[in-house]
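Participant: Need coordinates for the following:
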Amino acid sequence: MLEFARLGKAHRVSILELLHGNAVLDNDLLAKNDAKGDVFAKPRDVDFAFKTEDKGRAQALCDLVNEKNFGKATINYGDGGTSWVMVVIYMPVTQHLLCSVSAFMACLGSLFQVEYDGWGSVIQND
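Facilitator: This is a model prediction of the structure:
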C-alpha cells in the first residue's frame, strides 16, 4: 500500500485500469469454465504466469513470492530470451478469491515491470 501511495496520480489510474481489465478477463475465464462444469469450490493448483525479457526482474519477482510465501514460484527460460515466472497456489477458484489473488498478481507484475499473463487451472468437475 505504501508503494502505491508514492506513485503519481496518472500511475494510480493505470493501476485501476489494469485491475479493471484483469477482472473482466478473470470473470470471462470463470464463466467459460463454469459452462464446462467446473466446481469452483474444489481446491486445485492454479498457475499464475508472468513473462519478461529481463532475467533480473524475473528473479526478483520469483524471490519475493517465495520469500513471502505468496505461492511457489519458479522461472522457466524460453527461446529468444523470454523468462517465464510461474507461481502456483493450491486454492479453490471461487470468484471472489480468484479475482482477488489474480488482482494481487497483476499488481506484482506492475510493480516489477513484468507482464502478468493470467492464470489457469485444470477444471474440477468430479
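Participant: mind checking the SS state of the nearest residue to residue 76 once chain neighbours are set aside?
Facilitator: Of all residues not flanking residue 76 in the chain, residue 84 sits nearest, at 4.4 Å (CB to CB, 6 or more residues apart in numbering). Using the backbone N, CA and C atoms, a C-beta is placed for each residue, glycine as well. Following DSSP: H, G, I helix; E, B strand; the rest coil, we place residue 84 in the strand state.
Participant: which SS state does residue 70 fall under?
Facilitator: Using three-state DSSP, the three-state assignment for residue 70 comes out as coil.
Participant: ok, which stretches of this protein are helices?
Facilitator: Applying DSSP state H to the chain gives helices spanning 2-5, 9-35, 55-67, 95-112.
Participant: In a markdown table: the ones you listed, plus distance to residue 124 and mean neighbour count.
Facilitator: As requested, those are arranged in a markdown table below (distance: least, CB to CB, whole Å; neighbours: other CB atoms under 10 Å):
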| stretch | distance to residue 124 | mean neighbour count |
| --- | --- | --- |
| helix 2-5 | 34 | 8 |
| helix 9-35 | 9 | 13 |
| helix 55-67 | 24 | 16 |
| helix 95-112 | 13 | 18 |
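Participant: Looking at these, spot the one closest to residue 76.
Facilitator: Closest of those to residue 76 is helix 55-67, at 9.4 Å (criterion: CB to CB).
Participant: any idea of the mean pLDDT for that closest one?
Facilitator: The average pLDDT for helix 55-67 rounds to 98.
Participant: so who does the residue nearest in space to the middle of the chain touch?
Facilitator: With distances taken as CA atoms, centre = their mean, residue 105 lies nearest the centre of the chain, 3.5 Å away. By CB atoms under 8 Å, 6 or more residues apart in numbering, the residues touching residue 105 are 48, 50, 87, 116, 119.
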